[in-house]
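# Coordinates only, no sequence provided:
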């Protein structure tokens, strides 16, 4: 049996019959205007199974629009906290800015061990890079059309368009490119 001891409150321990695992506390930040709510149960399950505890669960969007109505069920069933972002200017997305600001606050507070950014938007490439520069893990989730730069900025990226989720690790991207 392997025993790991940590006094860091940002880690929790889980024990199985043969080993002890250190589980990371993760911030899950979701761009609701860019990802379908139908993917959320599988994403939350993947995070819990492979990456750690989704201690922060936030979803960003303009909840006054009919396009986000399908999210109501996911918000309730997955204990997600919605963040309202009004569209003050047509064609501009204030949700991205709010997600980035929250991520930077969480990063500097050092209350999480890593981030899960759920979006296919390449605007989050700089955010993912900055988080990794600070020594935290970044897990990305998005559709197949996600720009390569955002995929590469994450330690691991999970494509959502497949019948089952497909992991791509940073090492795989480096060896391909």
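Okay, I see it. Owing to the predicted nature of the structure, the values given are computational and were not obtained by experimental measurement.
# ok, and what's touching the strand or helix carrying residue 138?
Secondary-structure assignment from DSSP states H and E places residue 138 in strand 137-142. With contact meaning CB atoms under 8 Å, 6 or more residues apart in numbering, strand 137-142 is reached by 24, 26, 34-35, 39, 43, 47, 51, 113-121, 124, 128, 131-132, 146, 150-151, 153-160. From N, CA and C alone the C-beta is placed, and that goes for glycine too.
# could you pull out the helices for this protein?
40-46, 71-77, 94-109, 125-133, 148-153, 170-176 (DSSP state H).
# May I see the buried residues of the fourth one?
Meaning helix 125-133. 125, 127, 128, 130, 131, 132 (16 or more other CB atoms under 10 Å).
# Mind putting these into JSON lines with distance to residue 30 and pLDDT?
Putting those into JSON lines (distance: CB to CB, whole Å; pLDDT from 0 to 100) gives the following:
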{"residue": "125", "distance to residue 30": "17", "pLDDT": "97"}
{"residue": "127", "distance to residue 30": "14", "pLDDT": "97"}
{"residue": "128", "distance to residue 30": "14", "pLDDT": "97"}
{"residue": "130", "distance to residue 30": "19", "pLDDT": "97"}
{"residue": "131", "distance to residue 30": "16", "pLDDT": "97"}
{"residue": "132", "distance to residue 30": "19", "pLDDT": "97"}
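# Burial check on the closest residue to residue 27 other than its chain neighbours, number of neighbours?
With sequence-adjacent residues excluded and distances taken as CB to CB, 6 or more residues apart in numbering, residue 27 is closest to residue 56, at 3.9 Å. Neighbourhood size, residue 56 [other CB atoms under 10 Å]: 18.
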